[in-house]
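>>> okay, sequence plus prediction incoming.
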Amino acid sequence: MKSWVPTLIRLLVLALLVAFVVSPQSFAGVFAPLTKPGQPPIYTQNSLLDLAINHLEIVAIATVASTIVAVGLAILVTRPAGAEFLPLSRSIANIGQTFPPVAVLAIAVPLLGFGTAPTLIALFLYGLLPIFENALTGLTTLPPEVTEAALGVGMTGQQRLLQVEMPLALPVILAGIRLSVVVSVATATIGSTVAAHTLGEVIIAGLTTDNTAWVLEGGLIVAVVAVLIYDGLSAVERLLTARRGGRLSTS
């Protein structure tokens, strides 16, 4: 298969996705066979475009927050003064994996009410561990000759972190972010159970009305978005890895 074919396929899938969320009624004939008599083939109670945008906004906000906290903790525990906090940091990062998102929602709703906030908390906690562990790995597996060279030229600790360690660890950190984002895209659907406006609303509406078309519509959008984000971040990761290799070869 020629190298441009996968890219072309991804662009076609993206174009179909955009066309569907912008003008879903144009695809009514595709989903009509999946409905029972009298059921609408396309979900129209809310705009699919608005739901998709809000879904991605929730994921983006939660991921940014998880990244800031997780990378911050990884930097802290890889400094001499913060090494003793590694067990505590790991415990904090593991909270999201210890309590499933549904349990977090159940705890957060009485405190924060229904809506977006409980979903953000659940996704934030769930996204901490993969980003933290990858950041920790990236910062603790740097080539010794590179760090020794940075020390040899008289760089301060902050300079080594910003100019040497973080750029070299970035591909590994991005891999953790990629995993966190993909999981969050899927997990955010449960936010609709607490009145958050996500694509889960379409799936839940389809399940409660026994409308297979709606379930498939919501599920397909979530799945395609997750795959496209995964592929996009993987491409960025490969690019950064190649640049890292170039830096190491010239150092």
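That came through fine.
>>> now residue 28: closest residue in space, sequence neighbours ignored.
Excluding its sequence neighbours, the residue lying closest to residue 28 (C-beta to C-beta, 6 or more residues apart in numbering) is residue 41, at 4.8 Å. Glycine gets a C-beta too; all of them are placed from N, C-alpha and C.
>>> ok, the one you found - how many residues close by?
21 (other C-beta atoms under 10 Å).
>>> for it, which residues are in contact?
Contact analysis of residue 41 by C-beta atoms under 8 Å, 6 or more residues apart in numbering lists 28, 29, 31, 32, 34, 35, 213.
>>> can I assume the last one is in contact with residue 28?
Think residue 213. No. Using C-beta atoms under 8 Å, residue 213 is not in contact with residue 28, being 9.0 Å away.
>>> in terms of neighbours, single out the busier of those two.
More crowded of residue 213 and residue 28, by other C-beta under 10 Å: residue 213, with 23 against 13.
>>> now do the same contact list for that one.
31, 32, 34, 35, 39, 41, 42, 206.
>>> now the buried members of those residues.
Buried members of the contacts of residue 213, scored by 16 or more other C-beta atoms under 10 Å, are 31, 34, 35, 39, 41, 42, 206.
>>> any residues in contact with both of residue 213 and residue 28?
41, 42.
>>> ok, and for the biggest helix by length in the chain, which residues are buried?
Among the elements of the chain assigned as helix by DSSP state H, the one spanning the most residues is helix 212-250. Across helix 212-250, burial judged by 16+ other C-beta under 10 Å covers 212-222, 225-226, 228-229, 231, 233, 237, 240, 244.
>>> could you do stretch 44-54 as well?
Buried residues in stretch 44-54, counting neighbours by 16+ other C-beta under 10 Å, are found at 48, 51, 52, 54.
>>> report pLDDT for the nearest residue to the second one once chain neighbours are set aside.
In other words, residue 51. Closest residue to residue 51 apart from its sequence neighbours, by C-beta to C-beta, 6+ apart: residue 199 at 5.3 Å. Looking at residue 199, its pLDDT reads 95.
>>> residue 199 against residue 216, yeah?
No. Applying C-beta under 8 Å as the test, residue 199 and residue 216 come out as separate, 12.0 Å apart.
>>> burial measure for residue 152, as a count.
By other C-beta under 10 Å, the residues close to residue 152 number 9.
>>> any idea how far residue 13 is from residue 188?
Using C-beta to C-beta, to the nearest Å, one obtains 20 Å as the distance from residue 188 to residue 13.
>>> neighbour count: these two, which is higher?
The residue with more neighbours, out of residue 188 and residue 13, is residue 188; 27 against 14, by other C-beta under 10 Å.
>>> do I have it right that that one meets residue 52?
No. Counting by C-beta under 8 Å, residue 188 sits too far from residue 52 to count as a contact (10.9 Å).
>>> between these two, which contacts overlap?
Common neighbours of residue 188 and residue 52 (criterion: C-beta under 8 Å, 6+ apart): residue 199.
>>> and the residue nearest to residue 28, backbone torsions?
The phi/psi pair for residue 41 (degrees, to the nearest 10) reads phi -80, psi -20.
>>> same check on the one 3 residues further on?
Here the main-chain torsion angles of residue 44 (degrees, to the nearest 10) amount to phi -130, psi 10.
>>> mind checking pLDDT for it?
Listed pLDDT for residue 44 reads 91.
>>> then residue 247?
Residue 247 is assigned a predicted lDDT (pLDDT) of 53.
>>> check residue 244 too.
Residue 244 is assigned a pLDDT of 63 by the prediction.
>>> quick revisit: closest one of the buried ones among the contacts of residue 213 to residue 195?
The closest of the buried ones among the contacts of residue 213 to residue 195 turns out to be residue 206 (C-beta to C-beta; 17.4 Å).
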